[in-house]
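Visitor: whatever this is, show me its structure:
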Amino acid sequence: MVEQTGCGYPDRVRDGLHPVQYFCLANVYLKALRFDMATICLEKLKNSTPTDEASKFANRLERSYMPKHPVPDKAVERLREIAIWGGDENSKRRKEFQKIIAEYPGFECPYFFIQADWNNGNPDRRMEIQAMESVLSINPDNVDALARLMELYSKEPEIRRKYALRVSELDPDRIVDFDRIERTLLTKRRSEEKIQQFPEPVKKQTNEKADGMVAPLRAKKKYYSHYDLDYRFIDTNGQTVFRVGPNVKVADRFSDGLLVVAAPVARGRHSSDVQYWSNTGELAFNVDYAQGLDASEGLCAIEKTAGGGTRWSFFNYKGEKVIPSQYAAAKPFKEGLAGVELLTSKAFHMPKWGFVDRQGVFQVEPIYDDVMSFSEGLAAVSLNGRVGFIDTNGKLVIPARYDFARRFSNGLADVLVWDASTGIVHDYYIDRTGRVSFEQKHDMSRYDSFSMLSSVFEEFLKVGKNYSPFSKMTHRSESDFSDHLVLARGDNGKVGFKNSEGQFVIEPTFDSVSAFSEKLARVKIDDKYGYIDTTGNIIIPAQFAEAKIFTDGRAAVSKNGETWGFIDRNGQMVIPDNYVEVHPFAEGLAKVGAVR
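Guide: Presented below is the predicted three-dimensional model:
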């Protein structure tokens, strides 16, 4: 008997998942037309714990998602086969769907594909509405059909709102943008009442004297394009290790001994190869028609263009592909696992995130709308309209009940819950068991929708999808603990640092601060920057117009706001301020740019 590895996806449903995970996995199988596997999920769901949640999700699954009538396997196989046809076969595909519907009129799934009566590449809206109404005649509680009708009536807000309310009633966890619907309704009402929502812009009155005073201020700081600067990487002594040519764009920092480089080629201005350079500036390997993420744990996630589309795969540092091109998106490996987005249903075009190991075997099922990489053994995941945390075995160890979440650092994670009725964001720091260590509150009432609020918390994982593998979620955030301290704003509007119990240990007396790095934090006092230690003592007096964090024992600073150099931990300028662009050191090297 061959020992099974990983979570078993897609051919095995394992024991021990949380009810909401079984619910989401069943939906993945349903959209992949794997009704046999969805039925197994349902049975395991009914026997899972907590029992009250198991009962809730099982009833929801049976009522609104599972097929209402049994269908022969051969019909399902035929549907699965023709559902992924495309291109010039749409007319033929529609006829095949109609045959299945004629033979099995109580089978809901074919109706979701009957819309493929293409007109210049767009589906026929009338036909699609009729198809969804046919589904509702079979099962009035089919949430997928109701949700699709909600989108089809996007320009008729009263009808759209009716379907949205029904979707929310049947599946309260499903994401419905009621804010957008209400705004559309309001706009329509104002239009019907002939109320001018947006007044004519007032012509700007010029003030020659004022403009003359402002113009020099605008011109004071000069900005440079990528092509204006001579980029190089220097060591901590300021010695140039290698220069960067003018025809390539390089990442700002090394990761795991390699640097990501975009190299335009003669094939065209929008075409490029991805290269990875060593810490001496030598080419480690190159992949044509591609772009890549930072190297991590011996592997590089690379998106390669081929055959009219793109897919992500993983290469080792020799340039050998070790995990095939099969993912819609990917994240770098962390703690032995990489988040990957898989098109779990070609028929419904349904991408979901899971985690694979270094052999490309799924260790965590692809059932999530989005994920963050693992940190301290846990990863934030977005599923079923909420955010929670899983361990490296895929177990949901902190229930999905938040709107936003950051990664764990120093044993705590920052999670947010938005109260739309008051506009208050409840900001919790939780430990690995989900226990709240301390809470802060933020008045965000000026943001009248979740999408607007999401733009403020770009570095957080949020409910729903993020869409970009290059998102700010991968960046270090000032919401993360560092050196067991986190920055916080006091009632006086100033900023200080709190400990893991939520107590100010460095009083909020600063205009702004950065997170601690190498036990030093940048602080702003009276428009100048300096540095403090973890006890709040000023180590380097505030004297710089601009400053960055310490890494590798060096911090970039600017005395005049124009040119930059680097200081050591004693505040001594050890690398002259000859550069107009600088980035923090990483792995002993820093990217800097001087005017050509």
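
Visitor: just the strands in the stretch 201-350 of the chain please.
Guide: 229-234, 240-243, 249-250, 259-265, 268-277, 283-287, 290-292, 299-306, 309-316, 321-327, 329-330, 338-345, 350-356 (DSSP state E, counting those that start in this stretch).

Visitor: next, the angle strand 259-265 makes with the first one.
Guide: Following axes from the mean of the first three to the mean of the last three C-alpha atoms, to 10 degrees, one obtains 150 degrees for the angle between strand 229-234 and strand 259-265.

Visitor: how far out from the middle of the chain is strand 229-234?
Guide: 31 Å (C-alpha atoms, centre = their mean, to the nearest Å).

Visitor: turn the strands of the stretch 201-350 of the chain into CSV, including distance to residue 64, mean pLDDT and mean neighbour count.
Guide: Placement of C-beta: from N, CA and C, glycine included. As requested, the strands of the stretch 201-350 of the chain are arranged in CSV below (distance: least, C-beta to C-beta, whole Å; pLDDT from 0 to 100; neighbours: other C-beta atoms under 10 Å):
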stretch, distance to residue 64, mean pLDDT, mean neighbour count
strand 229-234, 56, 94, 20
strand 240-243, 59, 96, 13
strand 249-250, 48, 91, 16
strand 259-265, 44, 82, 18
strand 268-277, 44, 73, 16
strand 283-287, 44, 95, 16
strand 290-292, 40, 93, 22
strand 299-306, 36, 90, 20
strand 309-316, 33, 93, 19
strand 321-327, 30, 95, 17
strand 329-330, 28, 94, 24
strand 338-345, 17, 92, 24
strand 350-356, 17, 94, 24
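
Visitor: any chance of those in CSV, plus distance to residue 32?
Guide: Compiled in CSV, the strands of the stretch 201-350 of the chain are given as follows (distance: least, C-beta to C-beta, whole Å):
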stretch, distance to residue 32
strand 229-234, 47
strand 240-243, 48
strand 249-250, 39
strand 259-265, 34
strand 268-277, 31
strand 283-287, 30
strand 290-292, 28
strand 299-306, 23
strand 309-316, 18
strand 321-327, 15
strand 329-330, 18
strand 338-345, 4
strand 350-356, 8
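
Visitor: of those, which is nearest residue 37?
Guide: strand 338-345 (11.3 Å; C-beta to C-beta).

Visitor: next, the angle from that closest one to strand 350-356.
Guide: Using the same axes, to 10 degrees: strand 338-345 against strand 350-356 is 150 degrees.

Visitor: residues contacting strand 338-345, please?
Guide: 10, 28, 31-33, 299, 301, 312, 314, 326-332, 349-356, 366, 371-373, 379 (C-beta atoms under 8 Å, 6 or more residues apart in numbering).

Visitor: and if you look at stretch 583-592?
Guide: 231-236, 241, 250-255, 257, 279, 548-549, 551-556, 564, 566, 579, 581-582.

Visitor: what subset of those residues is buried?
Guide: 231-236, 250-251, 253-255, 279, 548-549, 551-552, 554-556, 564, 566, 579, 581-582 (16 or more other C-beta atoms under 10 Å).

Visitor: which of the residues you listed fall in helices?
Guide: Among these, DSSP state H puts none in helices.

Visitor: so where's this structure shaky on pLDDT?
Guide: 1-5, 85-90, 115-123, 192-227, 264-271, 306-308, 465-476 (pLDDT under 70).

Visitor: who does the nearest residue to residue 253 once chain neighbours are set aside bridge with?
Guide: If the residues on either side of it in the chain are set aside, residue 253 comes closest to residue 586, at 3.8 Å by C-beta to C-beta, 6 or more residues apart in numbering. Following DSSP bridges, residue 586 is listed with bridge partners residue 589.

Visitor: distance of residue 586 relative to residue 181?
Guide: With the distance defined as C-beta to C-beta, to the nearest Å, residue 586 ends up 46 Å from residue 181.

Visitor: quick one: the helices in this structure?
Guide: For the chain, applying DSSP H gives helices covering 19-31, 35-46, 51-64, 73-83, 90-103, 125-138, 143-152, 157-170, 178-192, 208-220, 450-456.

Visitor: quick one: residues in contact with stretch 254-267.
Guide: Residues from elsewhere that reach stretch 254-267 (C-beta under 8 Å, 6+ apart): 233, 247-251, 253, 271-279, 284, 286, 291-298, 300, 317, 332, 586-587, 589.

Visitor: contact partners for residue 9?
Guide: 354, 362, 365, 366.

Visitor: rerun that using 7 Å as the cut-off
Guide: 362, 365, 366 (C-beta atoms under 7 Å, 6 or more residues apart in numbering).

Visitor: and residue 449, how far from residue 426?
Guide: Residue 449 sits 18 Å away from residue 426, taking C-beta to C-beta as the criterion.

Visitor: excluding covalently adjacent residues, which one is nearest to residue 294?
Guide: residue 255 (3.8 Å).

Visitor: tell me what that neighbour is bridged to.
Guide: With DSSP bridges as the rule, residue 255 is bridged to residue 258.

Visitor: what about it, distance to residue 298?
Guide: For residue 255 relative to residue 298 (C-beta to C-beta), the value is 12 Å.

Visitor: cool, and residue 445?
Guide: 47 Å.

Visitor: same question for residue 418.
Guide: 39 Å.

Visitor: between those two, which one's more packed in?
Guide: The neighbour comparison of residue 418 against residue 298 (other C-beta atoms under 10 Å) goes to residue 418, with 22 against 13.

Visitor: my guess is the more buried one meets residue 451, correct?
Guide: No - Residue 418 is beyond contact range of residue 451, at 11.6 Å (criterion: C-beta atoms under 7 Å).

Visitor: mind listing what's buried in stretch 24-44?
Guide: 24-35, 37-42, 44.

Visitor: could you do stretch 443-453 as well?
Guide: For stretch 443-453, by 16+ other C-beta under 10 Å, it's 444, 447, 450, 453.

Visitor: what's the farthest-apart pair in those?
Guide: Across the buried residues of stretch 443-453 (C-beta to C-beta), the longest gap, 10.6 Å, separates 444 and 450.

Visitor: show me what residue 427 is bridged to.
Guide: residue 416, residue 440.

Visitor: residue 418 versus that one, what's the distance?
Guide: Separation of residue 427 from residue 418 (C-beta to C-beta): 10 Å.

Visitor: same thing with residue 127?
Guide: Distance of residue 127 to residue 418, given as C-beta to C-beta: 39 Å.

Visitor: using PDB, write down the CA coordinates of stretch 368-384.
Guide: The C-alpha coordinates for stretch 368-384 follow below in PDB (Å, rounded to 0.1, in the frame of the first residue of the first chain):
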ATOM      1  CA  TYR A 368      -9.500  29.900   0.400                       C
ATOM      2  CA  ASP A 369     -10.200  33.200  -1.300                       C
ATOM      3  CA  ASP A 370      -6.800  34.500  -0.300                       C
ATOM      4  CA  VAL A 371      -3.900  33.600   2.100                       C
ATOM      5  CA  MET A 372      -0.900  35.100   3.800                       C
ATOM      6  CA  SER A 373       2.300  33.200   4.000                       C
ATOM      7  CA  PHE A 374       3.100  31.200   7.200                       C
ATOM      8  CA  SER A 375       4.700  33.000  10.100                       C
ATOM      9  CA  GLU A 376       5.400  31.400  13.500                       C
ATOM     10  CA  GLY A 377       3.600  28.300  12.400                       C
ATOM     11  CA  LEU A 378       0.300  30.000  11.500                       C
ATOM     12  CA  ALA A 379      -1.100  31.600   8.300                       C
ATOM     13  CA  ALA A 380      -4.100  34.000   8.000                       C
ATOM     14  CA  VAL A 381      -6.700  32.700   5.500                       C
ATOM     15  CA  SER A 382      -9.800  34.300   4.000                       C
ATOM     16  CA  LEU A 383     -12.700  31.900   3.600                       C
ATOM     17  CA  ASN A 384     -16.500  32.100   3.500                       C
END
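
Visitor: which residues sit against that stretch?
Guide: With C-beta under 7 Å, 6+ apart, stretch 368-384 has contacts from 20, 23-24, 173, 331-332, 334-335, 337, 339, 352-354, 367, 387-392, 397, 400, 405, 407-409, 411, 432, 461-466, 473.

Visitor: kindly report the same for stretch 507-524.
Guide: Contacting residues not belonging to stretch 507-524 are listed as 478, 480, 482-483, 485, 487, 489-490, 492, 494-496, 525, 529-534, 539, 542, 547, 549-551, 569 [C-beta under 7 Å, 6+ apart].
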